[in-house]
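**Q** Prediction below, plus the sequence it came from.
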Amino acid sequence: MAYPKLTDKPGALETAAAIRAGELSPYEAVDAAIVRIEELDVHVNALAVGDFERAVAAAHALDGVKPREDQPLFGVPMTVKESFDIAGLPTCWGHPQFRDSIAKRDSKIVTQLKRAGAIIVGKTNVPVDLSDWQSFNPVYGRTNNPHDHARSPGGSSGGGAAAVASGMVPCEYGSDIGGSVRVPAHFCGIWGHKTSWGLVSKHGHDHPAMAGKDAHDGALSIAGPLARNAADIEILLRITANLPLREARKPLSECRLLMLLDYPGSPIDDSVRGPLEAAAKALESAGVRIDRTSELLPDLARQQADYLRMLNIAMARGAPAPDGTRATATDWFNLLDMQARNELAWEALFESYDFVLAPPAPVLAVRHSDEAVFRGTLTINGEEQPAANGLAWAGIATFPNLPSTVLPVGQSEVDGSTLPCGMQVIGPRWSDLGCIAAARGIDAVLNA
C-alpha cells in the first residue's frame, strides 16, 4: 500500500516496550518528544498549549520505577485535544474570551490515560467551537497539514492528527461529532477510531461557557483515539472504555463486507474513489467478499437530513437557528425516534454483513480557507458541491451511534501534492474491537 509516511518514530506501545526493557527512560522519551515538537511545530503549529515542565517532572518521577501491569503506556508521551480539561491548563475551544479559563481538574480520559502511565505533554489545536474541518482560531492560530502546509489537517481534532502524523507524539485523544477524529486521520494519513456512542466518557469535555458545571454527555458526540497503528488505537480504547468491550469475533477472511462509495447527494472525488477501489480490489484478490450494493441499507437521504438537524440542534444546545427558528421538545423527541429507527435498520443490515467500508470524507485534505469549510463548497471532480453535504460520510456512523475505524489505504496526486487517503471500517454498535481488528486485517492485506 502506497501512502505518504512522514515519520519512522516508534508508536506508543513500542515506546512503552523500550522503557520496560530498560532501553529508554521515561525522561528520555518525554525529552525526545519535546525536542521533536520544538523542531517541527514551528511549521505545523499543532500544539495549542504545551505542558513541558510538568511533563518532565512526571517523567523524572517515573524514572527507576517498575511499571505496574495496569500501566501499558508507562512513560509514553502523548497529547490530548484542547477541548479536554487538564487541571492547571486553559480550555477555551478557540474563543479569546475564554483563553484564561483554567481547568480545575482533569477530564475523565486524562485521568484514565495518566493512570495507565501516559505523560501528557500538551493540548492540540482546534477550530472555534470544534465546528470545522480545519483547525484554526484567533487564540492559537492555524494548524497546517504536515503533508502540505497549504492544506488543512482536518478538524476538529486536526492539531492532534498533525502532531501524530508528523511524529511529534505517538498518539492523541480527540473527539468526533461530524468526523472530527475520522477526517483528520484521513487528511493526515494516520489511524483514528470513532467509538460507539456512550462507550468512552466525555466528562471534562465541556464548552468553556459551561466550565465546572458538569454538563451532560451530548448527543452524537464521542471521544476517540488517534495513532499511527492499530495496536496503539486498541490499547487507547481499552484504557478509556467505561463498558465491557466485545472482543473481535472472527478473522477478516471470514467476514462479509459491504463497500459504500455512493451516497445520495454526496458524491466523492476520484482522488478518494481511486484508492478505495484499489483497496477493495486487493482485498477481493485475497479472497475477501465485498458487495457493492444492498437493499438492506437504510434510507440514506433521510438519515442525512435527520443527522444534520440533530447535529445542528446538539451543537447549538437548542439555541435558535440563523433563520430565528428554534427546535421544540417535540422536534427533539421526534428526532430521537428517527434515530432509534435508523439504529434498528443498521442492526438489521449487520445481521448479513460484518462491516461496511466507506470514505471518511468526499475529498482529500482541503486547502486553507479563512472561513469555515461548511460555509462554502467542496470541489468534487471539477464541480462545486455544498460542503455540508460531505458530512454525510461522517453521519453514516454518527447518527446510528456506530463505531468506525479509519486507516490509511492509499494516496492521490492533487494539484501537485501527494496526499493520503483513508477508509472507514464501520461495524455494529459496541463492536469497536471488531472494527479495529478488521482494519488491522485490511492493513495486513494491503501491505503484504
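**A** Alright, I've got the coordinates. Residues are numbered from 1 along each chain as shown.

**Q** now the helices: where do they sit in the stretch 201-350 of the chain?
**A** In the stretch 201-350 of the chain, helices defined by DSSP state H, counting those that start in this stretch lie at 230-240, 270-285, 300-315, 329-349, listed in chain order.

**Q** For those, state which one has the densest average packing.
**A** helix 230-240 (a mean of 22; mean count of other CB atoms under 10 Å). No exception for glycine: its C-beta is placed from N, CA and C like everyone else's.

**Q** Span of stretch 100-109 from start to end?
**A** 22 Å (CA to CA, to the nearest Å).

**Q** Residues touching it, excluding its own?
**A** Stretch 100-109 has contacts (CB atoms under 8 Å, 6 or more residues apart in numbering) with 80, 84-92, 114, 173, 200-205, 208, 211-212, 223, 240.

**Q** List the buried residues for it?
**A** Ser101, Ala103, Asp106, Ser107, Lys108, Ile109 (16 or more other CB atoms under 10 Å).

**Q** Looking at the first one now. What's its pLDDT?
**A** The score at Ser101 is 95. That number is its pLDDT.

**Q** got it, and Ala215?
**A** 66.

**Q** going forward, begin numbering at 38 instead of 1
**A** Yep, numbering from 38; the last one is Ala252 now.

**Q** Residue ranges of each domain in the protein, please.
**A** When the chain is parsed with automatic domain parsing, its domains come out as 49-277, 289-483.

**Q** Could you check how far stretch 39-46 is from the centre of its chain?
**A** Remark: stretch 39-46 is offset 18 Å from the chain centroid, using CA atoms, centre = their mean, to the nearest Å.

**Q** That stretch - what's its average pLDDT?
**A** Rounded mean pLDDT across stretch 39-46 is 92.

**Q** how long is that stretch end to end?
**A** Start-to-end, stretch 39-46 (CA to CA) is 18 Å.

**Q** That one: which residues count as buried?
**A** Tyr40, Pro41, Leu43, Lys46.

**Q** Kindly report the same for stretch 466-485.
**A** Per 16+ other CB under 10 Å, stretch 466-485 contains these buried residues: 466-480, 482-483.

**Q** can you list contacts of stretch 418-426?
**A** 302-304, 306-307, 341, 345, 399, 410-416.

**Q** Near Glu332, how many other residues are there?
**A** 5 (other CB atoms under 10 Å).

**Q** Likewise for Ser194?
**A** The burial count for Ser194: 38, using other CB under 10 Å.

**Q** Not counting sequence-adjacent ones, nearest residue to it?
**A** Take Ser194 and drop its neighbours on the chain: the residue closest to it by CB to CB, 6 or more residues apart in numbering is Gly211, 3.0 Å away.

**Q** can I assume the one you found is in contact with Val220?
**A** No - the criterion here is CB atoms under 8 Å, and Gly211 misses it with Val220 at 10.5 Å.

**Q** Is Val446 within a helix or a strand, and which one?
**A** strand 441-451 (DSSP states H and E).

**Q** list the buried ones in that strand?
**A** Ser441, Thr442, Val443, Leu444, Pro445, Val446, Gly447, Gln448, Ser449, Val451.

**Q** do the same with stretch 285-300
**A** By 16+ other CB under 10 Å, the buried positions in stretch 285-300 come out as Ala285, Leu289, Cys292, Leu294, Leu295, Met296, Leu297, Tyr300.

**Q** Return the closest of the residues you listed with respect to Gly191.
**A** Gly191 lies nearest to Tyr300 out of the buried residues of stretch 285-300, by CB to CB, at 19.1 Å.

**Q** Quickly note the distance from the closest one to Gly87.
**A** Distance, Tyr300 to Gly87, by CB to CB, to the nearest Å: 40 Å.
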